[in-house]
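[1] here's my sequence, what's the structure:
(chains A, B, C and D)
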4 protein chains.
Amino acid sequence: MSVLLQMAMFPTDRSESKSEQVAQVIKVIRESGFPYKLTPMSTIIETDKMSEALSIVQRCYEKLEELGCNRVYSTLTFDIRNGYENRLEGKVKSIEDKIGEVSK
Amino acid sequence: MSVLLQMAMFPTDRSESKSEQVAQVIKVIRESGFPYKLTPMSTIIETDKMSEALSIVQRCYEKLEELGCNRVYSTLTFDIRNGYENRLEGKVKSIEDKIGEVSK
Amino acid sequence: MSVLLQMAMFPTDRSESKSEQVAQVIKVIRESGFPYKLTPMSTIIETDKMSEALSIVQRCYEKLEELGCNRVYSTLTFDIRNGYENRLEGKVKSIEDKIGEVSK
Amino acid sequence: MSVLLQMAMFPTDRSESKSEQVAQVIKVIRESGFPYKLTPMSTIIETDKMSEALSIVQRCYEKLEELGCNRVYSTLTFDIRNGYENRLEGKVKSIEDKIGEVSK
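    Numbering: from 1, shown residues only, chains lettered A, B, ... in the order given. Got it, this is the predicted structure:
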């Protein structure tokens, strides 16, 4: 099974730039050991089980709580598919097979 | 603490209508015992802790797996705020206090 | 055709509470004349065409710009379906037909 | 001004794989001429104005309509910021400045 999770999580009780807190959240993701990709809008993580993905979400929130954030906003999108793996690479390749090179 | 979770979760390997599977997901939410509201686009649930909200997400996914869904898509949005409660009612009231009656 | 748009839009360069700006955005939606429902996490609007829905999004952003917001975050979800109408009421009813009364 | 739009749009009235239709949507984005990045979960596009971003969304939907899709689901996230540009590269760099190299 392949669980792709696209996640953004940030405090909304801070000033305009949130990159300090966001950087700490990404560090939690990096330390989880699962393959991930950082994009300009979110981080995409691939796990084998739904529970592993949700456990990363929990740890990211705990990090923001630790940093003293009083209000946190988060948007998550899941694409969960049985019988597939390594879709972190595979989904973009499947598009390129159809329409040629894309920016990535 | 008030954790507001806006959740949509549905199979994408089925025909055009998904209301049968979506109904089963909502039954899981209803049985969780936490206050919730069903809207035309998602279900909004209020819990006291992040872990409770994530545990509902896990159970909803397990229900779809049980029903034999091979591909599941889900979009979640969290608004987590310390020192507040009953925002399932409170957030809409706070808007009405500012601009008068709204449709809800 | 029925275009259901679930929209949240708020400034992220302000202090913890954004309800003043959010209230102005909802006023723009109310004045659009399309049927809508305000929920604790977003507003759901039903239009007949995609272009009408996108035009409301544009006007909401312009309102926040007018109010001097320097950074705006927005999450939108669309469910667009041919051959259907009045799904603002219909989708919840269709769930209740399957599992009985829900909170809404 | 920098408008970052993270977009996923796909038919939900088709079989399990939607990569044929999704490929056509990405072709529309590529032909728009704006800088973009394809990720495993969505496409991120940067424009100078909100209206340009919304116009791409409209054209993507029209392509799916043309292809005969009867039901379309789409999730969009906007991060709009005055006084900034080239955030398609800049946001990830700003994170790396804080915590070192990340996977991207």
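[2] near chain D, which residues of chain A are found?
    Taking CB under 8 Å from any CB of the partner chain, the part of chain A that reaches chain D is made up of A:4, A:6, A:8, A:19-20, A:22-24, A:26-27, A:30, A:35-42, A:44, A:46, A:75, A:77, A:79, A:87-92, A:94-95, A:98-99, A:102-104. C-beta coordinates here come from the backbone N, C-alpha and C atoms, glycine included.
[3] which of those residues are buried?
    Buried members of these, counted by 16 or more other CB atoms under 10 Å in any protein chain shown: A:4, A:6, A:8, A:22-24, A:26-27, A:30, A:36-42, A:44, A:46, A:75, A:77, A:79, A:87-88, A:91-92, A:94-95, A:102, A:104.
[4] ok, the residue lying closest to A:Glu85 once chain neighbours are set aside - how many residues close by?
    Closest residue to A:Glu85 apart from its sequence neighbours, by CB to CB, 6 or more residues apart in numbering or on different chains: A:Ser2 at 5.2 Å. Residues within reach of A:Ser2, counting by other CB atoms under 10 Å in any protein chain shown, total 19.
[5] how close does A:Ser2 get to A:Val92?
    From A:Ser2 across to A:Val92, the span is 14 Å (CB to CB, to the nearest Å).
[6] quick one: contacts for A:Ser32?
    Contact partners of A:Ser32, counting by CB atoms under 8 Å, 6 or more residues apart in numbering or on different chains, are A:Ile45, A:Ile56, A:Arg59.
[7] same question but for A:Ala53, I mixed them up
    A:Val3, A:Leu5, A:Ile45, A:Thr47, A:Phe78.
[8] in strands, which of these fall?
    Secondary structure from DSSP state E places A:Val3, A:Leu5, A:Ile45, A:Thr47, A:Phe78 of these in strands.
[9] chain B next: which of the residues you listed are close?
    Counting by CB under 8 Å from any CB, the members of the ones in strands among the contacts of A:Ala53 that reach chain B are A:Phe78.
[10] derive a ChimeraX selection command for the buried subset of the ones in strands among the contacts of A:Ala53.
    The following ChimeraX command selects only the buried members of the ones in strands among the contacts of A:Ala53, with burial defined by 16+ other CB under 10 Å:
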select /A:3,5,45,47,78
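[11] how about whichever helix in chain A runs longest as PDB, C-alpha atoms only?
    With secondary structure taken from DSSP state H, chain A has its longest helix at helix A:50-66. Once side chains and other backbone atoms are set aside, the C-alpha atoms of helix A:50-66 remain, and they are given as PDB (Å, rounded to 0.1, in the frame of the first residue of the first chain):
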ATOM      1  CA  MET A  50      -2.300   5.200   7.200                       C
ATOM      2  CA  SER A  51      -1.400   5.000  10.900                       C
ATOM      3  CA  GLU A  52       2.300   6.000  10.100                       C
ATOM      4  CA  ALA A  53       1.100   9.100   8.200                       C
ATOM      5  CA  LEU A  54      -1.200  10.100  11.000                       C
ATOM      6  CA  SER A  55       1.500   9.700  13.600                       C
ATOM      7  CA  ILE A  56       3.700  12.100  11.700                       C
ATOM      8  CA  VAL A  57       0.900  14.700  11.700                       C
ATOM      9  CA  GLN A  58       0.600  14.200  15.500                       C
ATOM     10  CA  ARG A  59       4.300  14.800  16.100                       C
ATOM     11  CA  CYS A  60       4.300  17.900  13.800                       C
ATOM     12  CA  TYR A  61       1.500  19.400  15.900                       C
ATOM     13  CA  GLU A  62       3.300  18.600  19.100                       C
ATOM     14  CA  LYS A  63       6.300  20.400  17.900                       C
ATOM     15  CA  LEU A  64       4.300  23.600  17.200                       C
ATOM     16  CA  GLU A  65       2.700  23.200  20.600                       C
ATOM     17  CA  GLU A  66       6.100  22.900  22.200                       C
END
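[12] flag every buried residue along it.
    Of the residues in helix A:50-66, those buried (16+ other CB under 10 Å) are A:Met50, A:Glu52, A:Ala53, A:Leu54, A:Ser55, A:Ile56, A:Val57, A:Gln58, A:Cys60, A:Tyr61, A:Lys63, A:Leu64.
[13] show me which residues of chain A are close to chain C?
    So chain A meets chain C at A:Phe10, A:Thr12, A:Asp13, A:Ser15, A:Glu16, A:Lys18, A:Asn70, A:Arg71, A:Tyr73, A:Thr75 (CB under 8 Å from any CB).
[14] could I get the residues you listed as TSV with secondary structure?
    Formatted as TSV, the residues of chain A next to chain C follow (DSSP: H, G, I helix; E, B strand; the rest coil):
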residue	secondary structure
A:Phe10	strand
A:Thr12	coil
A:Asp13	coil
A:Ser15	coil
A:Glu16	coil
A:Lys18	coil
A:Asn70	coil
A:Arg71	strand
A:Tyr73	strand
A:Thr75	strand
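[15] pick the one among those closest to B:Gly83.
    A:Asn70 (7.1 Å; CB to CB).
[16] ok, that closest one touching B:Asn82?
    Yes. With contact defined as CB atoms under 8 Å, A:Asn70 and B:Asn82 form a contacting pair (4.6 Å).
[17] more neighbours: those two, which one.
    Under the criterion of other CB under 10 Å, the comparison of A:Asn70 against B:Asn82 puts A:Asn70 first, with 17 against 14.
[18] local confidence estimate at that one?
    Here the pLDDT value assigned to A:Asn70 is 92.
[19] now do A:Glu16
    Among the per-residue scores, A:Glu16 shows a pLDDT of 63.
[20] then the one 10 residues further on?
    According to the predicted model, the pLDDT of A:Ile26 comes to 97.
[21] could you list every helix and strand in contact with the helix or strand containing it?
    Secondary-structure element containing A:Ile26, defined by DSSP states H and E: helix A:19-31. In this structure, helix A:19-31 packs against strand A:2-11, strand A:36-38, strand A:43-47, helix A:50-66, helix D:87-99, with contacts taken as 3 or more CB pairs under 8 Å, 6 or more residues apart in numbering or on different chains; DSSP states H and E.
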